[in-house]
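1. sequence and predicted structure are below.
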Amino acid sequence: MKPIEISNILHFVNHDCQFIDVFEHLLGRYTKQGRDDRIIVACLIAWGTNMGLGRMGEISDIDYSLLAGTSDNFIRLETLKEANDRVSNVISKLPIFRHYDIDKVLHSSSDGQKFETRINTINARYSPKYFGLKKGIVSYTLVANHVPVNAQIISANEHESHYVFDILFNNTTNIQPDVHSTDTHGTNEVNFAILHLFGYRFAPRYQDIYDRVSKSLYGFKHPSQYNEGPIKPVRKINTDLIIEEWENIQRIIVSLATKTTTQSIIIGKLSAYARKNKTKRALWEYDNIIKSLYFLDYIDLSTLRQNVQRALNRGESYHKLRRAISHANFGKLRFKTEQEQQIWNECSRLLTNCIIYYNASILSNLLAYKEKNSNDKDIALLKQVSLVAWQHINLYGRYEFNRRSEFINMNEIVRELAQMQIRLELV
């Protein structure tokens, strides 16, 4: 495919999604400075690539003063999140999107990606495994059918399992997952219970499932009554404790549902209690019920294990694209405050969303073309092509925003790709 500049990608996506319209001036209507789409795009690229406004002013045809003024007045967390939601919602309406469902359901995954910080900030923490003697942060992202629908910044020393529910429940897009997966680092003593009560199926991946089941499988009867079978529960579930503390459990769930608190705060409070606290033990017991049922399915169904791994692989593919976009300064964040890190996080996610939309648009049009002019085998292969690809996107070099953006002829791209497929078949 012909390489295309990232700025042209953003203009193409804006033509279809109108995401730049959400960037309104901080002061409202009565302002002298109007919105300039070219400068907005330049600011988004400067933030998202980790380049910074100063460096962008040096290697582009827009002065730093214009970039800084536009960024201060238009680039905010609320506008960035709304822009991301607009692009994600339009992606979900494309014909190719539902073909990425896993086992006919929307199966999402969440995982953290580590980024080293050059400047010490209040949320930067040590992690010798990833940063050595340096500090860094974690960008925790929810990915569904290759689309990053939500993300947040957490410290490198915080446990990712404390944010699984928050990132799911605070997802404001139309892409609402049915099943959610994490790696082992995303599991704790309450996630099965909380996600089950909110209608999600939690399906994490376990590295050593035999060791996990031998210590964490529970039943409604005493272990001595399970005579048959290769595995047995380690003890009986205390159902009386769950019934006794059910009202307190409901209060916790209502607090999460009304967003008066977050999962990380709830877990922090529960962890501060004594181990014999009844409410905490009751919630753990309820979690053990859902977890034990999942263990049995995870052992018995190879398709479930494959689906979980497939969902997690999509998150890893997104991380590779995200790393390629945040290439400036050797991938080390140069922002001074937590607020700037969050803006970078959302801008970088917006750039990936735009690239994914561009790829999804190509595949959707190619899918429609194949359905009219090709056989079922070609269509089945096309549905397996990932949306996460950036070899045809030019992220480097000098940026020229004042010239007219290159027109993207989608019909011509589809015709060329269809002809290439025919030549490959003839060979």
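-> Now that the structure is in, tell me what you want to look at. Keep in mind the model is a prediction, meaning the values are calculated, not measured. Residues are numbered from 1 along each chain as shown.
2. any idea how far S364 is from I243?
-> Shown here: S364 relative to I243, a distance of 51 Å by Cβ to Cβ, to the nearest Å. Where you see a C-beta, it was placed from the backbone N, CA and C, and this is true even at glycine.
3. ugh, wrong one, I meant K276
-> 18 Å.
4. which one's more surrounded, these two?
-> A count of neighbours by other Cβ atoms under 10 Å puts I243 above the other of K276 and I243, at 10 against 7.
5. CA atoms of the helix or strand containing the more buried one as PDB?
-> Under the criterion of DSSP states H and E, I243 resides in helix 239-244. C-alpha atoms of helix 239-244 as PDB (Å, rounded to 0.1, in the frame of the first residue of the first chain):
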ATOM      1  CA  THR A 239     -23.100 -19.900  52.600                       C
ATOM      2  CA  ASP A 240     -24.400 -18.800  56.000                       C
ATOM      3  CA  LEU A 241     -21.800 -16.000  56.100                       C
ATOM      4  CA  ILE A 242     -22.800 -14.700  52.700                       C
ATOM      5  CA  ILE A 243     -26.500 -14.600  53.700                       C
ATOM      6  CA  GLU A 244     -25.700 -12.900  56.900                       C
END
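6. next SSE downstream of it?
-> Following helix 239-244 in sequence, per DSSP H and E, is helix 246-257.
7. now that following helix: average pLDDT?
-> When pLDDT is averaged over helix 246-257, the result is 93.
8. next, the buried residues of that helix.
-> Neighbour-count burial for helix 246-257, counted by 16 or more other Cβ atoms under 10 Å, picks out I249, I252, I253, L256.
9. with respect to A360, which of those residues is nearest?
-> Using Cβ to Cβ, the shortest approach to A360 within these belongs to L256, at 32.7 Å.
10. the closest one touches V190, doesn't it?
-> No. Applying Cβ atoms under 8 Å as the test, L256 and V190 come out as separate, 10.7 Å apart.
11. overlap of the contact sets of the two?
-> Jointly contacting L256 and V190 under the rule Cβ atoms under 8 Å, 6 or more residues apart in numbering are I266.
12. beyond the helix or strand hosting N8, next helix or strand please.
-> Take DSSP H and E as the rule and N8 turns out to sit in helix 6-17. Counting by DSSP H and E, the next helix or strand C-terminal to helix 6-17 is helix 37-48.
13. so what does that next one touch, helix or strand wise?
-> Helices and strands touching helix 37-48, by 3 or more Cβ pairs under 8 Å, 6 or more residues apart in numbering; DSSP states H and E, are helix 6-17, helix 53-59, helix 64-74, helix 338-373.
14. could the ones you listed go into TSV alongside mean pLDDT and distance to I167?
-> Below are the helices and strands packed on helix 37-48 laid out as TSV (pLDDT from 0 to 100; distance: least, Cβ to Cβ, whole Å):
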stretch	mean pLDDT	distance to I167
helix 6-17	94	23
helix 53-59	93	29
helix 64-74	93	26
helix 338-373	92	12
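15. so which of these is nearest K232?
-> Comparison of these against K232 by Cβ to Cβ identifies helix 338-373 as nearest, at 45.8 Å.
16. low pLDDT regions in the protein?
-> Confidence mapping of the chain against pLDDT under 70 gives the ranges 29-32, 274-275, 374-376, 421-427.
17. identify the residues contacting L363.
-> I96, L382, V385, L387.
18. of these, grab the buried ones for PyMOL.
-> The PyMOL selection below is limited to those of the contacts of L363 classed as buried (16+ other Cβ under 10 Å):
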select buried, resi 96+382+387
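19. just the contacts of L363 now: which is nearest D21?
-> L387 (24.2 Å).
20. wait, that closest one sits on H146?
-> Yes. Counting by Cβ under 8 Å, H146 is a contact partner of L387 at 4.2 Å.
21. make JSON lines from the buried residues of helix 246-257 and add distance to Q342 to it.
-> Putting the buried residues of helix 246-257 into JSON lines (distance: Cβ to Cβ, whole Å) gives the following:
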{"residue": "I249", "distance to Q342": "33"}
{"residue": "I252", "distance to Q342": "27"}
{"residue": "I253", "distance to Q342": "28"}
{"residue": "L256", "distance to Q342": "22"}
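22. how about these, which pair is most distant?
-> I249 and L256 (11.1 Å).
23. so what sits against both of these two?
-> Common neighbours of I249 and L256 (Cβ under 8 Å, 6+ apart) do not exist.
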